[in-house]
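1. Sharing a model that was predicted from the sequence below.
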Amino acid sequence: MTDKQFQDRINTLFFCCKERGEQVSIRDLSNIIADYIGEQDNWEELLAIFKSHWACPSV
């Protein structure tokens, strides 16, 4: 999956949820991220970036 395809899938997920008046499913979002990371040569580095970003509690 290219960076553009990744961005398109994320944007589509958020757009569809907004149109239906639903919240974004963490499972759906996680699946897209996992697909993207799994196809990259530097997947270990990307996983660390995502983990550090998503592990930060939002206030």
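-> Done, it's in.
2. give me the element Leu46 is part of.
-> Here Leu46 sits within helix 43-54, counting by DSSP states H and E.
3. for Asp28, same thing?
-> helix 26-38.
4. on contacts alone, who are the packing partners of that helix?
-> Using 3 or more Cβ pairs under 8 Å, 6 or more residues apart in numbering; DSSP states H and E, the elements in contact with helix 26-38 are helix 3-20, helix 43-54. Any C-beta I mention is one placed from the backbone N, CA and C, and that applies to glycine too.
5. can the ones you listed go into TSV with extra columns for distance to Tyr36 and mean neighbour count?
-> Output for the helices and strands packed on helix 26-38, formatted as TSV (distance: least, Cβ to Cβ, whole Å; neighbours: other Cβ atoms under 10 Å):
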stretch	distance to Tyr36	mean neighbour count
helix 3-20	4	12
helix 43-54	8	12
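6. Would you mind listing where this protein has pLDDT under the threshold?
-> 54-59 (pLDDT under 70).
7. in it, which residue is closest to the centre?
-> Of all residues in the chain, the one closest to the mean position by Cα atoms, centre = their mean is Ile33, 3.8 Å from it.
8. Pretty sure that residue sits against Phe50.
-> Yes. Contact criterion Cβ atoms under 8 Å: Ile33 and Phe50 qualify, at 6.0 Å.
9. Give me the common contacts of those two.
-> Among the neighbours of Ile33, none is also in contact with Phe50 (Cβ atoms under 8 Å, 6 or more residues apart in numbering).
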